[in-house]
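K.L.:
just coords:
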């Protein structure tokens, strides 16, 4: 090995603490990039292949009932490639071992051969045999209950209790997330998908020769909006409730949102980490070069070119970065496997595994090296430009001045040690600000990392404990007379019942329109409240509609405006209604009015779609039984069970993400504090040793070293908390969808935890450096010039 | 017999058979090989010897910066060789003033603040301004080290060393980094401090000319005391040139 390379390796080895700290910061950034971007690639590619291979439709439409020959009518719409009709029905399930009622969605498939669109992947078992009520079950539901091919569940089909024998477990590109579009959260235990041979389903629901659902694929270059409009026109006569494209399809949207988040995470976080790393490298390299002035002079005196000297130190940077990139890539692959495993608990693909994306890794590596060299450009240039003769002489003492504050008499209040600290900080404003920013970044990362949990807590609390306070949500098969409310009220254990009407409508204002369910509410709203973000009740009127602010924004309308309401069921009347209020809520695009108005809009009598109930928990079982026996009940959903099951799934994943975030923040905070302390120690060892000789104790000398860090940390923490708030704000903006607005809620405990973690990392790093202070060689530093 | 009794000078330091061996990797390097010497109250002593003779090691041990491998060192009635680190720190803090070859001023503090750094932790210090007055730098009190010449910096270092009114002033090559003219000015200051304040002063040097200003000259070579002599004629610092 060349002597100069040996020197390089020994330099690195003698600074192993510092170089390791920097390499770890780089590793964190690289790991985040490799994890997010590789998983994104895997997810995107897997989904695209799955869609393609299993004929995932482009446009979906439900309607009340129509003849199967609609298929050929739809095929004639310009731009349509393939069309498939089917029957889709939601039923109540009776699942062994499950107390609460569950909802099953039965979807028809051809008796023989695969469906034309939305084909199924048979994971286990076999296809149903004709002539028997054999079904295929979705994997999430089967796994949630431990069902195996051959097991059965019971369901109420058109008022009759039937046994569904599950002969196969399948996946569908339509339900990568097996979730009911009406639910806010996925609940794999209480929502099950079943594919049933057409003849069986037709017989069970008296739908011979009929269908109530169409999906289609588009030709290349077809205009989706045109097709949807024509399809809506066609289906109007058959009770169409509006068609929609992939972007409104639940499962597709869920994954698209996830991909968006991964992209943001994969691009933004590495930038934070690489900026911190570039700053740390800059600080360390400047110091190394300052300390090796004489060596640089000697190298030049021996005949090394300036570029060779610069490259000598450049290689130092490259080696540190390379180490960080390799470690980070390994760690990123490991985390990617973890993230993929997490996704497989939500997303069902025939084959989904983490695939390391070499291109991403190489780009990340190049970016890291580039950022690091850019960060150290100044130091490298100064090494190459240092004239040998000047380098032979020791560097002159640093220039200090008295600060403005001190001139005002503040100095009388400060001991000499604190004056040293303040002047050091003042003399190096760049280093000081970046140290503060670096430590602040750690606090910010922590706040941002915990924000997701806080927001989710808030959302669940607002949505399910303040707004929707029902224990059970009961849906009727079709709108029924309001007097069924009395029947519900008389069930033993039912405390309160509130009726509602849910009317599918399209609201039009000017050129804009939106499909949604208009909710008609009773006069008493204690179970189901219409509240804004701060939990205040909002009035609902009999004279007009109250809309979500998000909906007003989408329609470009304001309270006072008249909107056109196109009812999408029954006689499909079209009428006008005035917007009388706006509600600043978080979930969805909602429209509310009092029941009588909604029924007037529907041009129907006093009908309801279902009820919300609060129930005495001791009587839950008997209430469930009574509801199962009540005719006309289409489905019951139990709120607490849904929340619980969602939280169980999410909690573990969140815990894992949080431990990553905390680890990353510690790496940043410790990296910055440790390096700043080591540099300060190296720059000032002579001063500190002098003070020791003059009779200062170790503790007193530590004040000079650690006081600076304490000051930087204390200043950085509030800045970091503010930074975290800002990043959370940006993230709440980027993540909001029609379905959800993510509230900007950060608990005090999140701030406290961020401050404590950063402070703790700073203290430990400070103590590590303080140990070196104890081992300071007093004579060595006093004797020689540096 | 004459009745006039000259009180024997009080002994302030006594080093007995002091050895110091440095372990440099696998090699043992003896720096002191059994040095025995004394310092008396109020005298100005020059420790003379070539580099590597052990004079800095001896000064470090006297000043409580280092402990000998064997032998004893007494400061007045206190045995330094049995002191732990905290006790040695207190010893330095209360009794010893140091002057270094490279001044070792704190660059971020002004001249006066550099002196105050020490007076703030001393029990009965003089005012920093007075200490600077003693080295005739009152007009430079608000200057930072980077704004002063080497000689001025060394005089600030001396002011800093004497401001706590130490019993001993230990100076390690105080003129080593200075040109002759400036060096003489620094020596004059040391001489005056010794005379006016009565501070016992030990100056390390390899410059034999400087030895002429001492009361006594202790020569070292190869880790041993090779000679102790009293200057019959003590020259003024201003008369010295090299």
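P.N.:
Thanks, I have the structure now. Model, not experiment: these values are computed from the prediction. Numbers count the residues shown, from 1 in each chain, chains lettered A, B, ... in the order given.
K.L.:
Spatially nearest residue to residue 173, not counting backbone neighbours?
P.N.:
Using chain A here. Leaving out its chain neighbours, the residue that sits closest to residue A:173 by Cβ to Cβ, 6 or more residues apart in numbering or on different chains is residue A:56, at 3.8 Å. In short, each C-beta sits where N, CA and C put it, glycine included.
K.L.:
The chain in question should be chain B.
P.N.:
residue B:101 (4.0 Å).
K.L.:
Quick one: residues contacting the residue nearest to residue A:173.
P.N.:
A:50, A:117, A:118, A:173, A:174, A:246 (Cβ atoms under 8 Å, 6 or more residues apart in numbering or on different chains).
K.L.:
The last one touches residue A:47, doesn't it?
P.N.:
No: between residue A:246 and residue A:47 there is no contact, the gap being 10.9 Å when judged by Cβ atoms under 8 Å.
K.L.:
Mutual contacts of these two, please.
P.N.:
Joint contacts of residue A:246 and residue A:47 (Cβ under 8 Å, 6+ apart) do not exist.
K.L.:
For these two, indicate the residue with more neighbours.
P.N.:
residue A:47 (21 against 17; other Cβ atoms under 10 Å in any protein chain shown).
K.L.:
State the number of residues packed around residue A:604.
P.N.:
Neighbour count of residue A:604, defined by other Cβ under 10 Å: 17.
K.L.:
Name all residues that make contact with it.
P.N.:
A:479, A:570, A:571.
K.L.:
switch to 10 Å and redo it
P.N.:
Residues in contact with residue A:604 (Cβ atoms under 10 Å, 6 or more residues apart in numbering or on different chains) are A:479, A:501, A:503, A:567, A:569, A:570, A:571, A:573, A:598.
K.L.:
Same question for residue A:725.
P.N.:
With contacts defined as Cβ under 10 Å, 6+ apart, residue A:725 is in contact with A:444, A:447, A:448, A:451, A:744, A:746, A:750, A:751.
K.L.:
give me the element it is part of.
P.N.:
helix A:698-735 (DSSP states H and E).
K.L.:
just how off-centre is the very next helix or strand once past that helix within its chain?
P.N.:
Past helix A:698-735, further along toward the C-terminus, the next helix or strand under DSSP H and E is helix A:748-774. Helix A:748-774 has its C-alpha centroid displaced from the chain centroid by 29 Å (Cα atoms, centre = their mean, to the nearest Å).
K.L.:
Now chain A against chain B: closest residue?
P.N.:
Nearest residue of chain A to chain B, counting by Cβ to the nearest Cβ: residue A:695, 2.8 Å away.
K.L.:
so where does that residue fall, helix or strand?
P.N.:
Using DSSP H and E, no helix or strand contains residue A:695.
K.L.:
any low-confidence regions in the stretch 1-150 of chain A?
P.N.:
A:1-2 (pLDDT under 70).
K.L.:
where do the strands sit along it?
P.N.:
Taking DSSP state E, counting those that start in this stretch to define them, one finds strands in the stretch 1-150 of chain A at A:59-67, A:80-86, A:88-94, A:102-109, A:121-125, A:134-138.
K.L.:
Most tightly packed of the ones you listed?
P.N.:
Mean neighbours per residue, mean count of other Cβ atoms under 10 Å in any protein chain shown, is largest over those for strand A:134-138, with a mean of 26.
K.L.:
Now do the contacts for residue 62.
P.N.:
Using chain A here. A:88, A:212-215, A:235, A:239-244, A:504, A:568.
K.L.:
my question was about chain B
P.N.:
Counting by Cβ under 10 Å, 6+ apart, residue B:62 has contacts B:12-13, B:15, B:18, B:37, B:39, B:47, B:73, B:75, B:80, B:96, B:168, B:170, B:202.
K.L.:
do residue A:117 as well
P.N.:
Contacts of residue A:117 by Cβ under 10 Å, 6+ apart are A:54-58, A:60, A:81-86, A:173-174, A:214-217.
K.L.:
Any idea what the nearest residue to it once chain neighbours are set aside is bridged to?
P.N.:
Of all residues not flanking residue A:117 in the chain, residue A:84 sits nearest, at 4.1 Å (Cβ to Cβ, 6+ apart). For residue A:84, the beta-bridge partners are residue A:215 (DSSP bridges).
K.L.:
Looking at chain B, which residue is nearest chain A?
P.N.:
Taking Cβ to the nearest Cβ, chain B has residue B:93 as its residue nearest chain A, at 2.8 Å.
K.L.:
For chain B, which segments are assigned as strands?
P.N.:
Remark: strands assigned in chain B by DSSP state E are B:11-24, B:27-40, B:44-48, B:70-75, B:78-79, B:96-99, B:168-172, B:200-205, B:216-221, B:224-230.
K.L.:
Tell me where the model's unsure across chain B.
P.N.:
In chain B (pLDDT under 70), the answer is B:1-7.
K.L.:
Show me where it has its helices.
P.N.:
Shown for chain B, the helices assigned by DSSP state H span residues B:55-62, B:85-95, B:111-119, B:128-134, B:150-162, B:180-197.
K.L.:
Which one, of those helices, ends up nearest to residue A:474?
P.N.:
Among these, helix B:85-95 comes nearest to residue A:474, with 78.6 Å by Cβ to Cβ.
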